[in-house]
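**Q** Here's my sequence, what's the structure:
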Amino acid sequence: MQLQGTLHGRTALVTGAASGIGNAIARAYAAEGAAVVVLDRDAERVQAVAAQLGAAGAHAVDVTDADATKEAVDGVVAAHGRLDVLVNCAGILTEVPLVEMDVATWDRMIDVDLRSVFLMTRWAAPHMVAQRWGRVVNVASQLGLKGGESLTHYSAAKAGVIGFTKAAARELAPHGVLVNAIAPGPVNTPLVDGLSPDWKAAKQAELPLGRFGDPEEIAPTAVLLASDPGGNLYVGQTLGPNSGDVMP
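**A** Prediction:
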């Protein structure tokens, strides 16, 4: 007899679901019984992921687009009657020294990694408040806590995600909506693969665990934060599956 899973009956929307951590979270949620809607800017890949998961829906959306993100969120609610869990995982990662960074590179990072979190949460929150239950899980980074060389734009965006998480949590918790963040350390994903070998070697040498994580090792934290009763007391928290890179 198959168990229903800790997220049975929940509808979840996961951004950045075509690869990496977002994909692992979407798969974990589906395995726990959630109706998962996947969102990514890559139309072909997000449809393929949806087919693999037997997902409840798929949206090809630029997460920096206010109108498109609102349409996607409202579409999930229209199709399923509710939205219980939002995971903001869409992001980019580029390596540029501060003294060489152009303004467009900075702006693009802030748009994709921070503005998108505001947009998706802004559109989802009223639906969650109305139903008096919701979970928002924002994927930040340990670099938002400690910074990273040649990653000032990324570190700033992720620090913004953590600050946004705390403020939104204070506003929404009285309405039954819990907002929390995950700040992974370096993880074996296509984004991290794009960093220089020197950066990755130096970072690995710093880690007490001595290795990078895998997406499947991050996903259980997202399941915990979305679950009931497991996630019921987490409000404005930043959980750190980070190989020991940050020890609060």
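**Q** roughly how far out does the helix or strand bottoming out on mean pLDDT in the chain sit from the chain middle?
**A** Least confident helix or strand of the chain, by mean pLDDT, DSSP states H and E, is helix 190-193 with a mean of 90. Between the centre of helix 190-193 and the centre of its chain there are 15 Å (C-alpha atoms, centre = their mean, to the nearest Å).
**Q** Okay, strands next: where are they in this structure?
**A** 11-15, 35-40, 57-60, 85-88, 134-139, 177-182, 238-239 (DSSP state E).
**Q** can these go into CSV with extra columns for mean neighbour count?
**A** No exception for glycine: its C-beta is placed from N, CA and C like everyone else's. Converted to CSV, those look like this (neighbours: other C-beta atoms under 10 Å):
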stretch, mean neighbour count
strand 11-15, 29
strand 35-40, 28
strand 57-60, 20
strand 85-88, 29
strand 134-139, 26
strand 177-182, 27
strand 238-239, 19
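**Q** Could you dump those into a markdown table with mean pLDDT and distance to Trp123 added?
**A** Output for the strands of the chain, formatted as a markdown table (pLDDT from 0 to 100; distance: least, C-beta to C-beta, whole Å):
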| stretch | mean pLDDT | distance to Trp123 |
| --- | --- | --- |
| strand 11-15 | 98 | 10 |
| strand 35-40 | 98 | 12 |
| strand 57-60 | 97 | 12 |
| strand 85-88 | 98 | 9 |
| strand 134-139 | 98 | 11 |
| strand 177-182 | 98 | 13 |
| strand 238-239 | 98 | 23 |
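**Q** Residues in contact with the least confident helix or strand of the chain: which ones?
**A** 19-20, 91-93, 186, 200, 212 (C-beta atoms under 8 Å, 6 or more residues apart in numbering).
**Q** All good on my end, thank you.
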